[in-house]
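In: Requesting a structural model of the entry that follows:
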Amino acid sequence: MTDIILLLHALSTFAMLGIIWFVQVVHYPLFARVGEAGFALYAQTHSRLTTWVVAPPMLLELATGVLLLWMRPEGVALWPAIAGAALLGVVWLATAALSVPRHKILVGGFDPDAWRALCLTNWLRTAAWTIRAVLVIVMLAAAIE
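Out: Presented below is the predicted three-dimensional model:
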């Protein structure tokens, strides 16, 4: 059972790693090119559809990340699970406190300051998920030794 938890955790973390890098490097920068006339509808649709893509892996990652604090495969140390859980806290807090408020501004129409702040503060989530992926690799390596 613990192997399955770690595997599901790895899959969800790597899914979010790919998503966050795509969003950071491609998707958010392109917001500025949508055009003011259609931006509000674009931002509303973006928020609704993105939730369908990111909610399942984020929730799975959170659930399995918490489980790994108590249930780890043999050989997997507690420290990467604790560090990973702390970074999950960073991701969820940054999402709620930094990203969501800026998206709420943008659904009303393109706001250059909100857009720049979104692009800048999203680096925190990008870094956290990147470090989390490294921690997951450490746990996977320990589990297969």
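In: gap between stretch 31-40 and the chain center?
Out: Centre-to-centre, stretch 31-40 and its host chain are 24 Å apart (CA atoms, centre = their mean, to the nearest Å).
In: isn't residue 6 right up against residue 65?
Out: No. Look at residue 6 against residue 65 with CB atoms under 8 Å: they stay out of range, at 10.4 Å. All C-beta atoms are positioned from the backbone trio N, CA, C, and that covers glycine.
In: could you point out which element follows the host helix or strand of residue 87?
Out: Using DSSP states H and E, residue 87 sits in helix 78-94. Next helix or strand after helix 78-94 toward the C-terminus (DSSP H and E): helix 100-106.
In: In contact with residue 71, which residues?
Out: For residue 71, the contacting residues are 1, 2, 5, by CB atoms under 8 Å, 6 or more residues apart in numbering.
In: How many residues are close by the first one?
Out: So the one you mean is residue 1. 8 (other CB atoms under 10 Å).
In: In a markdown table: the contacts of residue 71, plus secondary structure, distance to residue 134 and pLDDT.
Out: Converted to a markdown table, these look like this (DSSP: H, G, I helix; E, B strand; the rest coil; distance: CB to CB, whole Å; pLDDT from 0 to 100):
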| residue | secondary structure | distance to residue 134 | pLDDT |
| --- | --- | --- | --- |
| 1 | coil | 25 | 92 |
| 2 | helix | 20 | 96 |
| 5 | helix | 19 | 98 |
